[in-house]
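Engineer: A structural model of the following input is requested.
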Amino acid sequence: MDSLLEHLDRFSEVLAVSRTTHVSTWDPATVRRALQWAGYLRHIHRRFGRHARIRKALEQRLQNQWKQEGDSGPSPAPGLANFQALGHCDQLLSLRLLANPALGDASFHFLLQQLFPGPGDPDAEEETLQGSLAHFARCRAAAHMLRFHAYRENPVLQKDSVMKTQAELLLRRLQEVGEAEAEGPGRLLSLLWERLPQSNFLKVVAAALLLPAASPRLQEEELRVGSPRTPEDGRQELLRWLLGKSDIAVAFCRNLPAELLTSVAGRHPELFPVYLGLLTNWGRQLHYDLPKGLWIGTEPQDVPWEELFSRFQSLCQAPPPLKDEVLTALKSYKAQDGDFEVPGLSIWTDLLLALGSLV
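Structural biologist: Take a look at the predicted model:
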């Protein structure tokens, strides 16, 4: 028993250290030993789950180890506070390591390989791990893919199989964290926004919003197997987060291609007023340069006329009601400016003239 309790103490220290910069010194061999340690404790959880004396001793050790006043050791390790937590201590360790930017690249890659080894490796018993380590592995693999495909360019995002896979993994992870905690999806998205290449992450967000909805039959099956949430819930969480962060919404609408934004706005009407409002503000920041005969901005960050026209043109090529709403807005702005028909007096007049047959 003493040896077991000492083993538990040492792993608690490892778990606490996994959130610090000290992991920068960990090589793949160190990560392997830490995971093996966690696997041993998970084995203890399975073996002694019904052994009252051992279970009680372990729980007391977990609850008291880091709560003693004046303790100068590591701070408490949330999530490993009872015997039940031993059943997924490897998940806790993996999550902290993968969320720790101090972890070196070699150790990061090794950890992903351990979590996501592919078909035919783990035995059946390992696959029944509490909390489903396989689901967890998929979500962390999404972060891996986002990192290493950060600069992949593909104008037809919907046809990019890598981007679609990333989007599916993101929705799955949002579904899982939403089941565990109501605020989980928002926190996860903010973390990804801070840590991943933002340009690529915005494309993944768009791809996730454009993935086809599951059929009612598949949604019923999800509910039947015990999941209270579906990928559609993940999409709504994603949209809520996007619209609730004005700076991210601006980056989303400014940096993504016009055709892609038109598709997203057509699929999610909640986004359209935000996008149209930004286009309107961008248009009002331009002024007409009479000698050049062009609409130009006064600041370097102002949206150029060509981009503004391209975005409105894309929206006007969309099917109703999106096209109708855009044209109604443009005609309303033109009327507010004086309803001029001559070029150079109102940017909205000039946009409508440039759109020509689309109006």
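
Engineer: roughly how far does residue 277 sit from residue 306?
Structural biologist: Per Cβ to Cβ, to the nearest Å, residue 277 is found 21 Å from residue 306. C-beta: built from backbone N, CA, C; applies to glycine.

Engineer: check residue 89 too.
Structural biologist: 56 Å.

Engineer: so which of those two has more stuff around it?
Structural biologist: Between residue 89 and residue 306, counted using other Cβ atoms under 10 Å, residue 89 has the larger neighbour count: 26 against 10.

Engineer: A helix includes that one, no?
Structural biologist: Yes. Under DSSP: H, G, I helix; E, B strand; the rest coil, residue 89 falls within a helix.

Engineer: surely it touches residue 41?
Structural biologist: Yes. Using Cβ atoms under 8 Å, residue 89 is in contact with residue 41, at 5.2 Å.

Engineer: residues shared between the contacts of the two?
Structural biologist: Common contact partners of residue 89 and residue 41 (Cβ atoms under 8 Å, 6 or more residues apart in numbering): residue 11.

Engineer: residue 234 sits in which helix or strand?
Structural biologist: helix 231-244 (DSSP states H and E).

Engineer: just the mean pLDDT for the host helix or strand of residue 325, thanks.
Structural biologist: In this structure, residue 325 is located in helix 322-336 according to DSSP H and E. Summarised as a single mean, pLDDT over helix 322-336 is 96.

Engineer: next SSE after that helix?
Structural biologist: helix 347-355.

Engineer: show me the shaky parts of the stretch 101-250 of the chain.
Structural biologist: 115-161, 180-181, 214-231 (pLDDT under 70).

Engineer: list the buried ones in the helix or strand containing residue 172?
Structural biologist: Here residue 172 sits within helix 161-180, counting by DSSP H and E. Neighbour counts over helix 161-180 (16 or more other Cβ atoms under 10 Å) mark 163-178 as buried.

Engineer: just name the closest of those to residue 213, please.
Structural biologist: residue 171 (10.9 Å; Cβ to Cβ).

Engineer: give the closest residue to that closest one in space, chain neighbours not counted.
Structural biologist: residue 234 (4.0 Å; Cβ to Cβ, 6 or more residues apart in numbering).

Engineer: helix, strand or coil: sort out residue 102 for me.
Structural biologist: coil.

Engineer: who's in contact with it?
Structural biologist: Residue 102 neighbours (Cβ under 8 Å, 6+ apart): 20, 21, 22, 23, 24.

Engineer: give me the helices and strands touching the helix or strand harbouring residue 29, please.
Structural biologist: For residue 29, the host element (DSSP H and E) is helix 28-47. Based on contacts counted as 3 or more Cβ pairs under 8 Å, 6 or more residues apart in numbering; DSSP states H and E, the elements that helix 28-47 packs against are helix 2-17, helix 89-98, helix 105-115.

Engineer: so residue 295 belongs to a helix, correct?
Structural biologist: No. Applying three-state DSSP, one finds residue 295 to be strand, outside a helix.

Engineer: adjust the sequence numbering to begin at 13 for everything that follows.
Structural biologist: Okay, using 13 as the starting number, the last item reads as residue 307.
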